[in-house]
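Colleague: below is the sequence, then the predicted model.
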Amino acid sequence: MHPHEQLLTRLFDGLNAHDSQRMAACYHEDATFQDVAFTLANRREIHAMWDMICSTNEDGVPSDIHVAVQEQAVTETTGRAILREHYTYRDKNNPVDNTITSTFEFRDGLIFKQTDSCDPVRWANQAFGNAVLGFIPGHVEAVRRRSAMKKLQRARPQAFV
């Protein structure tokens, strides 16, 4: 198995084990991460996001996130994975079944850049429970990003000092 395949396996196994430390160790110190909700600038911020996602929240609700890798391919410098994630969007207690295409750039044997994409409207409709409540988060990227970053900065302020 290629070392970058092993790296991605550690990342996704860490997510399924809710082990944000194991996941953070997969990222370069200067890594970036972007998805439909977050734009993060370094390993400390990325770790904070994974820790918030994997940990019991402030209301005492544990994470139930699980990801299944459907496809994965790597080269010496890049990678791509198609993932199916299942979790409960804990803010609304709604189940989410989401397909993500994740692209990677590697540097020094670690993830240097990760970009995740999915259908934001489909995601928001599931997370918020219906098309009416999910309309703004699904269609207005700035609102979705601002809300996610405020939530992360409240939950893990030490990552942003």
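Modeller: Cool, got the structure. Keep in mind that this is a model prediction, so the values were computed, not measured.
Colleague: so Arg145 belongs to a helix, correct?
Modeller: Yes - the assignment for Arg145 is a helix, going by DSSP: H, G, I helix; E, B strand; the rest coil.
Colleague: that one and Asp35 touch, don't they?
Modeller: No - Arg145 is beyond contact range of Asp35, at 9.7 Å (criterion: CB atoms under 8 Å). In short, each C-beta sits where N, CA and C put it, glycine included.
Colleague: do I have it right that Leu15 meets Ser63?
Modeller: No - in this structure, Leu15 is not within contact of Ser63 by CB under 8 Å, at 9.6 Å.
Colleague: so which of the two has more stuff around it?
Modeller: Legend: neighbour count by other CB atoms under 10 Å for Leu15 and Ser63, higher for Leu15 (21 against 17).
Colleague: ok, the more buried one to Val143 distance?
Modeller: Leu15 sits 26 Å away from Val143, taking CB to CB, to the nearest Å as the criterion.
Colleague: again, but for Ala24
Modeller: Where Val143 is concerned, Ala24 sits at a distance of 28 Å (CB to CB).
Colleague: which one's more surrounded, those two?
Modeller: Applying other CB under 10 Å to Ala24 and Val143 shows that Ala24 carries more neighbours, namely 19 against 12.
Colleague: run a quick neighbour tally on the residue lying closest to that one once chain neighbours are set aside.
Modeller: In this structure, Ala24 finds its nearest non-sequential neighbour in His47, 3.6 Å apart by CB to CB, 6 or more residues apart in numbering. Neighbourhood size, His47 [other CB under 10 Å]: 20.
Colleague: in what helix or strand does His47 lie?
Modeller: Using DSSP states H and E, the element containing His47 is helix 43-54.
Colleague: need the next SSE after that helix, C-terminal direction.
Modeller: strand 66-74.
Colleague: tell me the strands beside that next one, with direction?
Modeller: strand 78-89 (antiparallel) (DSSP bridges).
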